[in-house]
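Colleague: Here is a sequence together with a model predicted from it:
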Amino acid sequence: MSAKSNATAGKNSWMGAVPSSWDVKALKFCADLVTERVDGSSDSGAAYVGLEHIESKTGRLVRAEGSQDSAESTVNRFQTGDVLFGKLRPYLAKAAVADLDGVCSSEILVYRPHGLAPQYLKHVLLLDGFIEEVNSSTYGSKMPRADASFISRLPVPQPPIKEQIAIASYLDAETKRIDGLIEEKRGLLELVEELRLSTIHDVITKGLRPNAPRTATGVPWIGDAPSHWTVMAIKRLSPVKRGASPRPIDDQRYFDEGGEYGWVRIEDVSRSDGILNETSQTLSELGSSLSVKLEPGALFLSIAGTVGKPCIAGRKVCIHDGFVYFPDLDIDSRYLFRLFESKLPFRGLGKMGTQLNLNTQTVGDIMIALPPAHEMNEIVLYLEEKLGEFHELRAHVEQEYLFLTEMRAATITDAVLGRIDVREQMPYMTAKSRTSQGSTS
C-alpha cells in the first residue's frame, strides 16, 4: 500500500481502509445531486443521454449529442463536468462524465462534484464495491432502481485534489491499455468461433474427400454436396415431436431430489457444452410419467429461450414443450447435433435468438445432405478431434480474457482507494510534499 492506512475512516464501509492523508465523506458532502427536471419537449434541441448511451463498466458515453428521438417526456438537465450515474439496474455499472450540456433520462442521477475531480468520482462510482453497496438499496423486482438518498449517504474517499487528478489520469491511460488487450481477446474469441463453425459447415456439406464428385443440391445453405450423399428433409429420418410438462409445473408432487429422470430447463441447456449430464431438478415418478422421457444419447433441440441450441442427453432426462426431439432417429445423433450446432440450417427461418421461429414442422422440413453410415462415422470422429482443439484454444483465450477483466477491476480499485501509489505520475509534486502525504512501502 502506498501510504499509511486510515483504518478508522474506512471501517465498516464498502471501501475498507484508505491512506491516512485522505478524507472520507458521505457522497452528498462532496457532490450535489442535481434535479433540474424539465419537460423533454421544451429542450428539443438539447443533446439527450439515455441509459443506452452509457457503456457498462467502462465509463464511456457512446452518444452524447444529437436529437432527442428517444427522450422521455420528463428529463433531467446536466452540464459539462457533471457525473451521470444510472439508478435503474445499478448492477450494470453505468457512470460517465458529461462532456457537454444536455438532458438525460430520469433514470440517471446527475451529480455535480465539489472537492472531487469529475473523472475521479466517475471511477469511484464504477468500483465493484460501490456498485454492490448501491445494488443492495434497490427496490422493485422486475425493474430494480437504486435509492438516491441511500447513495448520497454512502462514504466515498477524498484524496487531495492533485492526487485525484493523477489517479484519474493514470486510470484513463491504464484502462485504455487494458481495454485494448481485452478487445483483442474478444476479437480472437470471435475468430475462433467463426473458424469452428466454418469447420463444421465444410465437413457436413462437403465431407472429408475434397476431390469427390459434387452435385448441386438446390439447398442454399448446403450448396454443392458429394454426389453419393442423399439430400432429404429431417422428417424423413424421424418424426419431430415436442416435449411435455406436468401441470401445474410448480406442484411439488412432480419433483423428487432422488428421482430417476432429470428435469431439463432452458437454463440447463444454455449452460451445457452440448452434453447434458446434470440438471438442477429431478422429477418424481409421477412427474416423469406426465413428461417426455429421453434416454442417454438422445438428441433434442430448444425451440424457446436459447432457440436453436442442440443438446444430447448424458443421463435420463425429461423435456418440456420448449424442446423438440427425434424418437425414431437411427443415425448417429452426434452428426445431427453438429449440423444444428453450425446454425446454418436455420437460415431463412427467422433471426437467430428469440426471433428464430422453430417448431416441429419447421425443424422437420429442414433439408440436409446425408452421407453413408461409414462416412458419417468418420466425420463425427474427425469433428470431435478437430473441435476439441478449438475448445482448448477457446478455453485458453477465455482464461486470458478473464484475467484481463479481473486485472482491470483490481487496477481501478487499488488506484481509487490508494492501495497503489500513482503520485510518480505527478511531476509537479515535490519529494517533500510526497513525504508529508505518507511514505510508500
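Modeller: Great, that's in hand.
Colleague: could you pull out the helices for the stretch 301-441 of the chain?
Modeller: 333-341, 360-364, 373-416, 431-436 (DSSP state H, counting those that start in this stretch).
Colleague: Then the stretch 101-250 of the chain?
Modeller: Along the stretch 101-250 of the chain, the stretches classed as helices by DSSP H, counting those that start in this stretch are 118-125, 128-135, 148-153, 161-206.
Colleague: and among the ones you listed, the most buried is which?
Modeller: Burial of the helices of the stretch 101-250 of the chain is given as mean neighbour count (mean count of other C-beta atoms under 10 Å); helix 118-125 ranks first at a mean of 24. Any C-beta I mention is one placed from the backbone N, CA and C, and that applies to glycine too.
Colleague: so that helix versus helix 161-206, what angle?
Modeller: 60 degrees (axes from the mean of the first three to the mean of the last three C-alpha atoms, to 10 degrees).
Colleague: chain center to helix 118-125: distance?
Modeller: Offset of helix 118-125 from its chain centre (C-alpha atoms, centre = their mean, to the nearest Å): 24 Å.
Colleague: about what we covered before: would you list the helices of the stretch 301-441 of the chain in a markdown table and tack on distance to residue 50?
Modeller: Listed next are the helices of the stretch 301-441 of the chain as a markdown table, based on distance: least, C-beta to C-beta, whole Å:
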| stretch | distance to residue 50 |
| --- | --- |
| helix 333-341 | 37 |
| helix 360-364 | 37 |
| helix 373-416 | 25 |
| helix 431-436 | 43 |
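Colleague: nearest to residue 230, of these?
Modeller: Set against residue 230 and scored by C-beta to C-beta, the helices of the stretch 301-441 of the chain come closest in helix 373-416, at 11.1 Å.
Colleague: and the closest one, what other elements does it pack with?
Modeller: helix 118-125, helix 128-135, helix 161-206, helix 333-341 (3 or more C-beta pairs under 8 Å, 6 or more residues apart in numbering; DSSP states H and E).
Colleague: would you turn these into CSV with mean pLDDT and distance to residue 281?
Modeller: CSV is the format used below for the helices and strands packed on helix 373-416 (pLDDT from 0 to 100; distance: least, C-beta to C-beta, whole Å):
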stretch, mean pLDDT, distance to residue 281
helix 118-125, 96, 39
helix 128-135, 93, 28
helix 161-206, 93, 31
helix 333-341, 93, 24
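Colleague: Any chance of a markdown table for these, columns distance to residue 52?
Modeller: Shown next, in a markdown table, are those (distance: least, C-beta to C-beta, whole Å):
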| stretch | distance to residue 52 |
| --- | --- |
| helix 118-125 | 18 |
| helix 128-135 | 19 |
| helix 161-206 | 20 |
| helix 333-341 | 32 |
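Colleague: List just the one of those helices that sits closest to residue 407.
Modeller: Across those (criterion: C-beta to C-beta), the nearest stretch is helix 161-206, sitting at 6.4 Å.
Colleague: That closest one packs against which elements?
Modeller: helix 118-125, strand 224-226, helix 333-341, helix 373-416.
Colleague: can you give me how far it is from the chain middle?
Modeller: That offset, for helix 161-206, works out to 14 Å (C-alpha atoms, centre = their mean).
Colleague: one step back: would you turn the helices of the stretch 101-250 of the chain into CSV with distance to residue 275?
Modeller: Below are the helices of the stretch 101-250 of the chain laid out as CSV (distance: least, C-beta to C-beta, whole Å):
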stretch, distance to residue 275
helix 118-125, 43
helix 128-135, 34
helix 148-153, 45
helix 161-206, 16
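Colleague: so which of the ones you listed comes closest to residue 260?
Modeller: helix 161-206 (33.7 Å).
Colleague: Just the angle for that closest one relative to helix 333-341, thanks.
Modeller: Using the same axes, to 10 degrees: helix 161-206 against helix 333-341 is 130 degrees.
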